[in-house]
Structures are given as structure tokens and as C-alpha cells.
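[1] quick one, what's the 3D model for this:
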Amino acid sequence: MAPPGPAGDLGGPLDAFPRKGAGYVLAATAFVCVWAVLCWPWLSGAVTIPFDAKAHFQAQIQFLAQALHSGQSPFWTHNVFGGSPQVADPQSLIFSPAIILALLSPSPSFRAVDAYVLAHLLAGGLALMMFFRDRNWHPVGGLMAALVFAFGASAAWRVQHVGQIASLAFFAIAFWLTARMLQRSSLLAGAFAGFSAGLMVLEPDQVALLGCYILVGMVVAHWVSGGWVAVWRSLPAIAAASVAGIATIALPLLWTWLFAEATTRPAIDLAEAGRGSLHPASLLTAFFGDLFGALDPKVDFWGPYNNPDWAKELFLSQNMGQVYFGALPLLLLIAPGLTRGWLWDRAVRPLTLLFAFMVLFALGRYTPVFGLAYDYLPGVKVFRRPADATFLVGGLGALLSGYVLHRILTAEPGTSFRRDLLAAAAILLAVAGLALALSQEAGHLRDAWKPVALALGWFAAAAVVFVLLRRWRGGMAPVAAAVLVTGVLAADLGVNNGPNESTALPPQLYDVLRPETHNETIAVLKRLTAQPAGSPRRDRVELLGMGFEWPNAALVHGFDHTLGYNPLRLADFSEAVGTRDGIASPSERKFTPLFPSYRCRLANMLGLRYIASPVPIEQVDRSLQDGDLKLVARTKDGYVYENPRALPRVLFAGGWQLADFEGMKQGGQWPEFDPRQAVLLEVEPPEAAPEGPSLVKGEVRLTRYENTEIEVEVTAAAGGFVVLNDIWHPWWRAQVDGVETEILRANVLFRAVQVPAGTHKVRFSFHAVEGAIAEMRERVSPPAVEDDLPLPLPPLRDEPVIAQTDGLLPSMLAGPSPAVRDSLRLGPATAAPPREVVSSVQGY
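    Residues are numbered from 1 along each chain as shown. Reported below is the predicted structural model:
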């Protein structure tokens, strides 16, 4: 961004108002007052921000608060998806201002979290006002920019996307500080700009990515405008910004990258990303906010995301296509912004270009721009919705409309805008005709004429404001302009972008996410999963499609859920168990070859003991037979079933056997083994031990189980393995009696530690820094792979011994199958006499 330059570059001499005086204080006060009024429905607790803000982020903040107030680390959670590295999840809010909220209360209320989200918009709007102040632009222009930023387009309609709201707010702060850094060559401003940009990127999403490109564009525009002198003068400040930014994001971004690489979504292909495109018809909502019925509950939404004749395979909800940011701002962008070329002024030309780019980017597959960005702009392939650019469309539109208002208020007296208004009227009528023709073709003219007529009324009011602003030129003009713009624009945005079914719902709908909830199903599950101290059990539950708000309830209430709600989850677990982003209804349950039914070996090994379902379980898992699961409770929410074959969380196995875990996940075939007598491993254990099952019994006690610390006491007459049925992850470490030992990947998903005979204390601990560095080191310099040599294995039985306890499972390991031996190049097996083994485990 170029320095402001002389007054003539900005459109004429300024009206008389003090640069740092009452004009800016008045404008800021007006903005804060409007923010409080428009946000009051949420701040009062009458409504709450719904959907993701509750189902995902409320649960995340609650988990964070409970961890901190119980003296635990929030870096890992056992409560969803079999376990997940919270420290690496950009949506865990650990590295955000939300940690202040979590520190203040062990149970942040819905109102508190909503206020936290809305405070971001307040901070972002004030940052834009500071940007206007630094340039000596009219404070009323800054006021309008702040209002449009906070309550226009996606900032209003997608407030439930907490991470993106935070990214947008930090973008505004970084934008202001970057402009100040370039304008003043200030090292201090540069350091704070880098820090703010780092906070924006700490929750990496497409808004943050595009915000980074805008900041880079500001620097490039400043260099192009100022030449080599501007380049050299800005380098020290840019260096300070870079150091501060890198220091802020380096480790968290490394964690997130490593986590993303291990998830189900390390990259998004172009076709899938294109399904998140903004349909061109949605641009009409910039003119007519409720054209498609997104606001009016009496009208069934008929826009492009619910109309297969317009668009196929567009995966956006109705609120994501809303880009209305006010009649007055849009009118000013058209006339005189376009009609007089003010949007091409040197002071805002880069912003105009970036605004156009964001619109084209948001349209995704409907223009070539997104495809080029996908191929050539780093980071674009990681995110799935080009429509997320509408956040920046609103932000840049706020800046540009505020600048045009500044030009109007500081234009020479007597300047006529009559032709501009007539041109704007012609354009608006033409767009209105297009909208009505489109609605007629879709059979919704009756639904469309009212919002079009109301929108034209708002544009008429905006034109009146335009005329009055030009006529009031006396000493009270700044005050009158502030009052007029505030009143009309706040009313417009309050009516057209105010609380609706996408942004404001009764808090009672999300009662299940309150720690103090009296929900009967939650109470039943907490009672059933409670265990006495030292028990080896920590039973898992599955909330099978109980509703959109349910999947992350485990984060709030402390029990362990096999599923959850998160677009990022470890791929190994997801592929084996069959997880999706969420599970709002039973029909979304996906079974896999390794988890084909609730009566399966993996369900038992997970310790999945209780399943809550809103429908009889046989309607979901049609392979179940009578007696496979036991109905233990019936609540108003549904049914609670027990799997009596679920294993404890920790157990002792005396023997081991090699297995091909990838082949097992793909084919769904388990070797014949008893998990209390042997553990499946991918590699030989560190201490030599004969392969095969063992009848050695061991007593295990789970003496400590916290987020990042687990302690087990084991007593066994002979050596064997402590098997912890928590998901294996490379950042966990283990010690046996204080001596570090290797955690083996066991039974496809889980952890095992080899222990000698006797009584021992096994401690598992999560080390995010050490683990990430070690993983990164292995990626950079992978260990040398030894030549593949046949490993000595026990012979494969011709006729494996099958346990006679209910006839369900074999009682001992039979060795790898021929297919597994072939895949491992182990050669043919030889027969061996059978050993008599008695199984004590049924149904695994």
C-alpha cells in the first residue's frame, strides 16, 4: 500500500476536523454502541450462536477450560476419535485468545463464548478505523468501514465459524499494522504486524491464507509505488515483522502440518474443492439480501445450493452464499466509486484489484482464477471451500466503501453527483430485473418480489443519505454525518443480516453441551462408564447419530467417544473404524472391513461397551443377531445398548505375533488369536521372545489416566506386553520403572510396551515438542532400511485350534496367513504339532 501522498491524490482538500480529535472518538463510540445493540440478542443470552460454534467450538473451549482447571495439559484428548493431538489441531483454540476465557472459568457459558466470538468483530472494526485515522481519512468513512466489516457479508452470516471469524479479525489488525509499518518504516509496528499475522495463521484456514496474500500484496504495491527507496526503507520493518511472525507460528504450524499429514485430509483435490464454490447467482444477494429466502423462515430456501437445476454437487449451506453488506456501501461502490473511477485511485487501487480477485476466487469452478490459484498459489490445495473468500470480500468491500465515503465527504463544495446517482439507479433496476427474471424461471417470483422491493427501498434510503451528506457542510457536519450513516446502515444491516436460523437459535437446543446438563442419556452414560480407582477398564461409548450437537459432547462430559465432530482426524483410526467429519444421524455411520459391525473384534478391542442410538440398533447394523448387544436403558433421546464383550482399556498379553496391519485394514481379516494371550505386532519386539501365545497371566491396574499422562501397574510371573487400547501416535513416550522404552504399534491401532517378569510401573506420557521434532527428523533423514530378510516365525498350523467357548474365536495364534506371509516375503510355513491351550476369553 502506497503512502497517502498529497491531498490531491486523495480526492481534494479535507473538511475541517482534527486528525486525532473528537471526530475519531465520536466515530469509535458510535461503532461500539452499534456493536452492542446489534450483538445484544447474543450478549443477553436470549439466543446463542448455533451449529459449529456450539457443536464444535463450545466443546473445544470447555475441554480446554476443564483441562487447565484440573491441572492437566490440554495437548491431547482421549474423548473423541479414539484420541487426538489437540496441540496440533488448529480448531482446538489452544493458541488463541480463547485460552483467556478458559483460564477465567472452568465452565465458560454459552453467553461468554458468544461474547468472545463477537468481540473479534469489534476488534477488527476498530482496527480498520485506526487504518483510516493513520491516513487522515474522514472518520465517518472509517465508521462505515467498521460497520460493514463487523456486520456485513460472511462476518454476519457465518459467525458460527469461530476460527474463520478470528482469522478475519486478526487479518484486520494485521492489515492496519502492516500499513502503518510501511507508511512509517516503523520497527515496532512491524513487530506487532508480524505478531498479529502470526495469530491469524495460528488457526490456519482459507481466510488466514488469503489474508496472508493480501498482506503480501500490500507490501508489493508499496514497493511498486515507491520504487527502490520504498523497498530499502521498509526492509528493516519487514524483517522485524518476519521474525515476530515466525516466532509466533513456527512450532504450532509444525504441529499442525504433521497432524494434517497424518489425517484423512492432507490435501483437497480440485474437483472436491470446486464443490465449495460460490454460485454466480449468489452475487445477487449483495443487492437483495433475502432474495432466496435465507432470512425469512416462512420461505423455503430456493437458492443455488438447494436447486439442482442451477448447480450440482455444490456443498454449501444456505448462509454461505449470503454476501449482503448494506445498500449504502454498495451504492457508493457503484456511484461514484465506479462511475468516477475513485476505486482506481492510487491510494486504494491495490485493494480494488484484491477485491476483484477475492470475488473471482470465491466463484471457484465458475472462473479460471481458482484453478490457477489452486495450481500455483501455495496452500490453496489444503482447503476445501473457495467460497470462504467471501469473508475477505466483505472486509475489502468495507475498506473500499469507506474510502469512497471519505472522498464524498471531502469533495469540493458544489460537486454534483446527479449523473452518478442516475447511473446507479439504472444499474440497480437492471439487476432487479435480472433477479426477478431468474426467480420467474425458477418458479419463485412470489417469493422474490418482496425482498427485491424492500432492497430497492433500502437503496432509495441510501440515496437520500448520499444527498444529505453532500448538503450538510456546516460545523456540525461530521456529527450529523456520523449519526446519519450510523442510523441508516445499522438499521439496514440489523434487518437484513440480523439474527436468523443460521446465526441465532435458542440456547436450550444445545443443553447437552453444558457440563451441568440434566440430559438423561448423558447421565446414564456417565454412570455406566464410571469405574473404581485402579480398574483396568475405561469403557468407550458411541453416540450414534443422536443429533448435530452430540458428537463432541464427550469433550464436555469426559467420557470417551469412538466418533466425534472434526474435519481433521487421524487417518489410521478413521480408516479402521469408519469415521466421518461428524455423525448427526444414524444413516451417517460408515462401517469398514475391519469394523463391519458392532459385534466385531475391533469394537471389542476398542472397549466400545455402550452405544447410544435414537433408533433401534438393528436399523443401523443389520448384521446383528439377538443377544449380540444388550439394551440397558431407554431414554427420551433413544436407546442405550451394551456390548458385553468389550475389553478393558489396559491388559496383559504374554505372547506376540507378526501381522500385516495394512492388509488387515483393507481385507478385514484378523489372524486367529486371543488378545489376552498374544499381541499383534508389525515388527519383532525389542527383547527377544519366542513368537506365539502364552498362558501367562498378568494383573494390571490403571492407576492414573489423564489427558497426557497414563500410569499402569503390572504384575506377571513371566515377561510379556502391557497393551494400552489407545490409538498409537508417534508423540507418545513410555517408561518402565523410569527407564524409557519403545511403544510398539499393536493390534493395528493400539500401543504395547514390553515388560519383564515381576511388578512394574509403566508410564505413558505425551511429548508434543520432542515427538514433533523427532518425527520431522525422521522425515528429513529417514533411517536406513536393512535388506529384507526372511524372519524366523513359528510355523503355520495346518489346522488351527479353535476355542470351544461359544465357538466364536480361536484360543491361540495360528501364525500369519499364507497371504500375509507372501506379502512379507517370509516363505512357506512348515507344520508343527499343536499345543494345548485353554482360552479364557470369549467373543473377541
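
[2] spatially speaking, which residue is in the middle of this structure?
    Note on the chain: the residue nearest the mean C-alpha position is residue 91, at 4.6 Å, using Cα atoms, centre = their mean.

[3] show the contacting residues for that residue.
    Residues in contact with residue 91 (Cβ atoms under 8 Å, 6 or more residues apart in numbering) are 56-57, 60, 163, 203, 566, 568. Yep, even glycine has a C-beta here, placed from its N, CA and C like the rest.

[4] and the pLDDT for it?
    Residue 91 is assigned a pLDDT of 92 by the prediction.

[5] thinking again about what came up before, got the contacts of residue 91 as CSV, with secondary structure and distance to residue 369 columns?
    What follows is the contacts of residue 91, written out as CSV (DSSP: H, G, I helix; E, B strand; the rest coil; distance: Cβ to Cβ, whole Å):
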residue, secondary structure, distance to residue 369
56, helix, 30
57, helix, 31
60, helix, 34
163, helix, 25
203, coil, 25
566, coil, 30
568, coil, 27
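
[6] by neighbours, which of the residues you listed wins?
    residue 60 (28 neighbours; other Cβ atoms under 10 Å).

[7] that residue contacts residue 564, correct?
    No. Between residue 60 and residue 564 there is no contact, the gap being 10.8 Å when judged by Cβ atoms under 8 Å.

[8] which residues do the two both contact?
    What both residue 60 and residue 564 touch, as defined by Cβ under 8 Å, 6+ apart, is the set 552, 555.

[9] just checking, residue 192 touches residue 244?
    Yes. Residue 192 lies in contact with residue 244 (Cβ under 8 Å); the separation is 7.4 Å.

[10] now the strands for the stretch 651-800 of the chain?
    Ranges of strands in the stretch 651-800 of the chain, per DSSP state E, counting those that start in this stretch, are 655-658, 678-681, 698-705, 709-716, 720-724, 732-736, 739-741, 744-746, 750-755, 758-766.

[11] can you list the buried residues in the fourth one?
    Residues of strand 709-716 classed as buried: 710-714, 716 (neighbour count, 16 or more other Cβ atoms under 10 Å).

[12] OK, contacts around residue 770?
    The contact partners of residue 770, by Cβ under 8 Å, 6+ apart, come to 731, 733.

[13] mind pulling up the pLDDT for it?
    So residue 770 comes in at 96 (pLDDT).

[14] could you do residue 265 as well?
    pLDDT, residue 265: 74.

[15] same thing with residue 472?
    Residue 472 is assigned 74 on the pLDDT scale.

[16] so which pair among the buried residues of strand 709-716 is furthest apart in space?
    Based on Cβ to Cβ, the longest span within the buried residues of strand 709-716 runs between 710 and 716 and measures 18.5 Å.

[17] which intervals of this protein have sub-threshold pLDDT?
    Where the chain drops to pLDDT under 70, the residues are 1-21, 473-476, 783-844.

[18] can you rerun that using 80?
    Along the chain, segments meeting pLDDT under 80 span 1-22, 265-267, 307-313, 472-478, 782-844.

[19] wait, what's in contact with residue 304?
    Counted by Cβ under 8 Å, 6+ apart, residue 304 has contacts 279, 281-282, 292, 310-311, 314, 321.

[20] find the residue closest to it in space, skipping its chain neighbours.
    Spatial nearest neighbour of residue 304, excluding adjacent residues (Cβ to Cβ, 6 or more residues apart in numbering): residue 279 at 3.6 Å.

[21] returning to that earlier point: which of the contacts of residue 304 sit farthest apart?
    The distance between the two most remote of those (Cβ to Cβ) is 13.3 Å, for 292 and 314.

[22] neighbour count: the two, which is higher?
    residue 292 (32 against 23).

[23] what sits closest to that one if chain neighbours are left out?
    Per Cβ to Cβ, 6+ apart, closest to residue 292 is residue 303, 3.3 Å.

[24] hey, C-alpha coordinates of stretch 694-701 in PDB?
    Only the C-alpha atoms of stretch 694-701 are listed here, as PDB (Å, rounded to 0.1, in the frame of the first residue of the first chain):
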ATOM      1  CA  SER A 694       1.300 -67.500  26.200                       C
ATOM      2  CA  LEU A 695      -0.900 -68.600  29.100                       C
ATOM      3  CA  VAL A 696       1.000 -66.400  31.500                       C
ATOM      4  CA  LYS A 697      -1.500 -64.300  33.500                       C
ATOM      5  CA  GLY A 698      -0.800 -60.700  34.500                       C
ATOM      6  CA  GLU A 699      -2.600 -58.400  36.800                       C
ATOM      7  CA  VAL A 700      -2.900 -54.800  35.500                       C
ATOM      8  CA  ARG A 701      -4.200 -51.700  37.300                       C
END
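
[25] what residues of it count as buried?
    Under 16+ other Cβ under 10 Å, the buried positions of stretch 694-701 are 694-696, 698, 700-701.

[26] make TSV from those and add distance to residue 559 to it.
    Listed next are those as TSV, based on distance: Cβ to Cβ, whole Å:
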residue	distance to residue 559
694	33
695	34
696	32
698	27
700	21
701	20
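
[27] you'd agree residue 364 is up against residue 390?
    No. If you go by Cβ under 8 Å, residue 364 and residue 390 don't touch, sitting 11.1 Å apart.

[28] what sits in contact with each of those two?
    Common neighbours of residue 364 and residue 390, counting by Cβ under 8 Å, 6+ apart, are residue 278.

[29] between the two, which has more neighbouring residues?
    For residue 364 versus residue 390, the count of surrounding residues by other Cβ under 10 Å is larger for residue 390: 29 against 26.

[30] assign that one to helix, strand or coil.
    When classified by DSSP: H, G, I helix; E, B strand; the rest coil, residue 390 comes out as helix.

[31] show me what contacts it?
    Counting by Cβ under 8 Å, 6+ apart, residue 390 makes contact with 153-154, 158, 278, 320, 323, 358, 362.

[32] give me the buried subset of those.
    Using 16+ other Cβ under 10 Å as the burial test, the contacts of residue 390 include 153-154, 158, 278, 320, 323, 358, 362 as buried.
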